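**Q** Got a sequence here, can you build the structure:
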Amino acid sequence: MKLNETTRRRFLSSMGAVGGFSLAGLAMPYYARGSSSRPVFTSGVQSGDIDVSSGVIWTQLDRPARLHVEYSTSDRFANAVRITPIDVTPQTGLAGKLLLEDLPPDQDIFYRFRAADLQDINDLSEPILGQFRTAPSGKRSIRFAWSGDTAGQGWGIDDEGMRTYQTIAYHRPDFMIHSGDTIYADNPMPDEIKLRDGSVWKNRIVTEAKRDIAQTLDQFRGQWAYNLLDNHVKQFNAVCPVFYQWDDHEVLNNWSPSTDLRDDDRYTEKSVTTLAGRASRAFHEMAPIRYVADEPGRIYRKISYGPLLDVFFVDLRAYRGPNSLGVDATFSDSSRLLGERQVAWLKRELVRSTATWKVIACDLPIGLVIWDDYGHRSGNESISNGDDGAPLGREVEFADLLRFIRDAAISNMIWLTADVHYTAAHHYDPGKAKFREFLPFWEFVAGPLHSGTYGPQQLDMTFGPQVKFMKAAPGGSEQNLPPSAGMQFFGLVDIDGQTEQLTVRLMDRNDTELWRMTLDPQISS
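**A** Alright, predicted model coming up:
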C-alpha cells in the first residue's frame, strides 16, 4: 500500500494516541516551559537491543545532571519501578543509558526520564517518555524493518526532514536494524545544494559539528546529535527500538589499517586508529547498544528475539586487515575481514541457535564489488575482489564460513545489508558459482534511509549471486540523487507466528511496495 498524504495524516493522528499519551510528547516534552534551572533533553529517547527480558534505554541532556528513571507495564505508570539515579556528565557526552532487566516477555514497557541540575538536584524537569515491547517467549508473529545510510553526501534535514523514518513507523515494527553508516563523519554538510534541474536543496538545520569532518570526540558526538534533531527520527525512536551496527562512514570512507591520511589536507589528525577509537567511543555513547563485558566496544553480538528469530550482528570494519587488491592466494590475518575471534563466535552461536530463522545483519553485501578506489576501479573494500574466480583474499574467509554453515546443516538463514544506496534481492546459487561448497541463500539490500541514491554495483560470481530484483539510480551522471527524488529504501520482514513463514518486502519512502517474497522454513523433525 502506498502511504499517501491523507493516509499519513491519519496515521500521525492515530500515533498521537499510542499508549494513551502523545507521540509529540514522547519526542518533544515540555522543553520550552521548563525552568532555566532545569536540564533540557536535547535528543529525545532511544531504546535498543531488546530481548525477552531486557532492553537498553537512552537519552541526552544539555548539561551535567542527575537522571531519574522509572518504567512500568502501564502507560499510566502504575506500580512503576524506579531505577537508582545516575549522573550524566561530559565524560559520556552528556548521554545516559541503562539496561532494564527482569522484564516480562511480550509486554509493552513504558519508560520515562526526569533530570535535575547537579547544582539543584531536587528541582526535577518534566518527564520525557518512550516505549518498547519485549520479545515474545512463545511463537507470535514478528515484524521488523532494516535499512542504513543516514544523512550522507550533504543531504541533511530539509523542510520534509528524514521522512523515511516516518514511513517505517507507519508499519509499527517490533524493532529496526540500522545496518551501518549511521552517520557520515567525513561528509561536511552545506547550507544548500544546487540540483541538476536548477532547483536548490536547502538544509534547514546545519550544526557546527556538521559543517566539517569529524576528528575530535566532540565532533563525532555532534554527528550523532545532528540526526537526533530530526522530528521524524525522534518520534520513531520514542516508539520503536533500533538495533545498531556500524560501517565505514562512522569514521571515514573505506577506512582500514592501510588508510593513509598524510596527503589529505582535511585531516589534522593523521592516525586512522585514533579517529576510529574516538568514533567507536561516540558510537557506544550515542547508541542504545549493550556493552559486552569481556570486550568493551564490541559491536558483533546476537539478539535472541524469541523462538522464531535470532539476529546475528557482524562487524566487517573493526577487525579487518588492510584494504588491498584482494587476490592473495595464501590466506593470512591481513586477508581477514571478520577476524578469527568473530568467525569462531559466529560459528559457535549459529550452531547453538534453536530459533527457526537466523538473520545475519551484515554491514556490507557479499557478492557486490566495492572498490577501495572508485576513480581507478582498484582495491578491495569489501568481500568480493571482482575476478569471478575461486576464492582469494577476503573471499577465503567467507568461503570457509559458508562451507561451515553447509556442513553444520544450518538452515533458515538470510542475510540483510545496506551500504550501496539502492535496494536489491540477491540469491546465491552454488550451481552458478565458482566456489560451490555452500547452501543456497538469500541476501536482501535496502537503503539509503536519508542519503544519496546511487547506481548498481558490479557482481562477482565467486559465490554465484543472481539479481532477482533491483531498484537503483540510473548510474553514470545520474548518481547521488537527493532524498526528494523518492528513492530512499527500507525493508520489512514478517515472520508468521503460526506457519513460521518469513516474508520480505522491499519498500520506498512513499510506502510503495516494490517487491516481496515468502520463504517456507525447513522444520526439523
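**Q** following the lowest-mean-pLDDT helix or strand in the chain, which helix or strand comes up?
**A** Among the helices and strands of the chain, helix 23-27 carries the lowest confidence by mean pLDDT, DSSP states H and E, at a mean of 38. On the C-terminal side of helix 23-27, the closest following helix or strand by DSSP states H and E is strand 41-48.
**Q** So in that sheet, which strands flank the next helix or strand along the chain from that next one, and in what orientation?
**A** Downstream of strand 41-48, the next assigned helix or strand under DSSP H and E is strand 55-61. The strands that strand 55-61 pairs with in its sheet are strand 41-48 (antiparallel), strand 95-100 (antiparallel) (by DSSP bridges).
**Q** is it possible to export these to TSV including mean pLDDT, mean neighbour count and distance to Ile370?
**A** In short, each C-beta sits where N, CA and C put it, glycine included. Shown next, in TSV, are these (pLDDT from 0 to 100; neighbours: other CB atoms under 10 Å; distance: least, CB to CB, whole Å):
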stretch	mean pLDDT	mean neighbour count	distance to Ile370
strand 41-48	98	24	27
strand 95-100	97	21	32
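**Q** can you tell which of those strands is closest to His427?
**A** strand 41-48 (30.5 Å; CB to CB).
**Q** Throw the strands paired with strand 55-61 into JSON lines and include distance to Thr182, thanks.
**A** Below are those laid out as JSON lines (distance: least, CB to CB, whole Å):
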{"stretch": "strand 41-48", "distance to Thr182": "12"}
{"stretch": "strand 95-100", "distance to Thr182": "15"}
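**Q** looking at the ones you listed, which is closest to His178?
**A** Of the strands paired with strand 55-61, the one closest to His178 (CB to CB) turns out to be strand 41-48, at 9.1 Å.
**Q** check contacts around Thr356.
**A** Shown in contact with Thr356 (CB atoms under 8 Å, 6 or more residues apart in numbering): 307-309, 412, 495, 500, 521, 523.
**Q** ranking the residues you listed by neighbours, who comes first?
**A** Ile495 (26 neighbours; other CB atoms under 10 Å).
**Q** in its sheet, what does the lengthiest strand in the chain sit against?
**A** Counting residues, the longest strand in the chain under DSSP state E turns out to be strand 108-117. Applying DSSP bridges, strand 108-117 is found paired with strand 65-72 (antiparallel), strand 128-133 (antiparallel).
**Q** Let me see the contact set for the residue positioned nearest the centre of the chain.
**A** Within the chain, the residue whose C-alpha comes closest to the C-alpha centroid is His178; the distance, by CA atoms, centre = their mean, is 1.4 Å. Shown in contact with His178 (CB under 8 Å, 6+ apart): 146-148, 150, 242-245, 449.
**Q** mind redoing it with 6 Å?
**A** By CB atoms under 6 Å, 6 or more residues apart in numbering, the residues touching His178 are 242, 244.
**Q** Then Asp315?
**A** 299-300.
**Q** That one belongs to a helix, doesn't it?
**A** No. Counting by DSSP: H, G, I helix; E, B strand; the rest coil, Asp315 is not part of a helix but coil.
**Q** Quick check, pLDDT for it.
**A** Listed pLDDT for Asp315 reads 98.
**Q** number of nearby residues for the residue nearest to Ala408 when sequence neighbours are not counted?
**A** Spatial nearest neighbour of Ala408, excluding adjacent residues (CB to CB, 6 or more residues apart in numbering): Val351 at 5.5 Å. Neighbour count for Val351, taken as other CB under 10 Å: 12.
**Q** right, and the secondary structure at Val351 would be what?
**A** Secondary structure for Val351, judged by three-state DSSP, is helix.
**Q** ok, now Val467?
**A** strand.
**Q** contacting residues around the closest residue to Pro440 other than its chain neighbours?
**A** In space, and not counting its chain neighbours, Pro440 is closest to Asp429: 5.5 Å by CB to CB, 6+ apart. Contact partners of Asp429, counting by CB under 6 Å, 6+ apart, are 440, 464, 466.
**Q** How many residues are close by the first one?
**A** With neighbours defined by other CB under 10 Å, the count for Pro440 comes to 14.
**Q** separation between it and Ile523?
**A** Remark: distance between Pro440 and Ile523 (CB to CB, to the nearest Å) = 18 Å.
**Q** again with Arg516
**A** In terms of CB to CB, Arg516 sits 22 Å off from Ile523.
**Q** repeat for Thr503
**A** Distance from Thr503 to Ile523, counting by CB to CB: 17 Å.
**Q** same question, Asp120
**A** 60 Å.
**Q** Pass me the low-pLDDT residue ranges in the protein, would you?
**A** The chain contains residues with pLDDT under 70 at 1-36, 524-525.
**Q** those helices in it, which residues are they?
**A** Along the chain, the segments classed as helices by DSSP state H run 5-15, 23-27, 163-170, 217-227, 231-239, 272-286, 340-352, 394-407.
**Q** and of those helices, who's closest to Ser484?
**A** So among the helices of the chain, helix 163-170 is nearest, using CB to CB, at 9.7 Å.
**Q** Sweet, I'm off.
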